[in-house]
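Chemist: From the sequence below, what's the structure:
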Amino acid sequence: MQQARARVEHGVVGGTFSLDGQTFDVDNNIWVVGDDTECVVIDAPHDVDAILAVAGQRRIRAIVCTHAHDDHVRVAPALRERTGAPILLHPADRPLWELTHPAATWDRDLADGDRIEVAGTTLTVLHTPGHAPGAICLHAPDLGCVFTGDTLFQGGPGATGRSYSDADVIVASIRAKLFTLPGETVVHTGHGDDTTIDAERRLLDR
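Modeler: Predicted structure coming up:
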């Protein structure tokens, strides 16, 4: 197998998350996958300049949204305007997207099994509803990692206490789509520290 040229780069940016009439301060991870010339950005939280500080001068081939909560898509249209990169989102998250961007839309629908090619590697879309109806994860086997958005964190599944979420569905998604990945797969989350598939499987199954 040809070795991937891609690498994972990371930043953190602070802002707010609002839903169901409540607002919370949050820190979001910025994830960028690419090489020296091109990359994809995973989610668009809070601040365009913070995202571009991680992406640098590279061509951004896509803005891939793990789900449409406002802290993950708030600056997606502004980032698109600055870079020309298309926004990719699972269409089941339209109701959440429209809460934040009623006058804008995304460019391309994501579906389970889609493949996003960048810098010699492939990100495979895993539809993992539960935290949000259109939540997705991105598996990068060449890089030994999966980007889980708010579906799986260090310590367990993402929150399901708000509109458009379902606790039973998120656990089923995690078992079917994430716990079938190799145990050593590194989990890059939407908030907080990395973990591994094995570590989270042990926690959920104990």
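Chemist: show me the contacts for the closest residue to Arg59 other than its chain neighbours.
Modeler: Sequence neighbours aside, Glu38 is the residue nearest to Arg59 in space, at 4.7 Å (criterion: CB to CB, 6 or more residues apart in numbering). For every residue, glycine as well, the C-beta is placed using N, CA and C. Applying CB atoms under 8 Å, 6 or more residues apart in numbering to Glu38 gives the contacts Arg58, Arg59, Ile60, Arg61, Val118, Ala119.
Chemist: Need the pLDDT of Glu38.
Modeler: For Glu38, the model assigns a pLDDT of 98.
Chemist: nearest spatial neighbour of the residue minimising distance to the centre of the chain, skipping sequence neighbours?
Modeler: Residue closest to the average C-alpha location in the chain (CA atoms, centre = their mean): Thr66, at 3.3 Å. In space, and not counting its chain neighbours, Thr66 is closest to Gly149: 2.7 Å by CB to CB, 6+ apart.
Chemist: ok so, going back, please look at the residue nearest to the centre of the chain and Thr189 and confirm they touch.
Modeler: No: between Thr66 and Thr189 there is no contact under CB atoms under 8 Å: 9.8 Å.
Chemist: any common contacting residues for those two?
Modeler: Taking CB under 8 Å, 6+ apart as the criterion, Thr66 and Thr189 both touch Thr148, Gly149, Asp150.
Chemist: Closest to Ser18 out of those residues?
Modeler: Asp150 (14.5 Å; CB to CB).
Chemist: gap between that closest one and Arg80?
Modeler: 22 Å (CB to CB, to the nearest Å).
Chemist: Which one's more surrounded, those two?
Modeler: Neighbour totals were compared for Asp150 and Arg80, and Asp150 leads with 27 against 20 (other CB atoms under 10 Å).
Chemist: Find the nearest non-adjacent residue to that one, please.
Modeler: Per CB to CB, 6+ apart, closest to Asp150 is Gly158, 3.9 Å.
Chemist: count of neighbours near that neighbour?
Modeler: For Gly158, the neighbour count with other CB under 10 Å is 25.
Chemist: Tell me the backbone dihedrals of it, please.
Modeler: phi -70, psi 170 (degrees, to the nearest 10).
Chemist: Hmm, it is touching Ala167, no?
Modeler: No: using CB under 8 Å, Gly158 is not in contact with Ala167; the gap is 9.9 Å.
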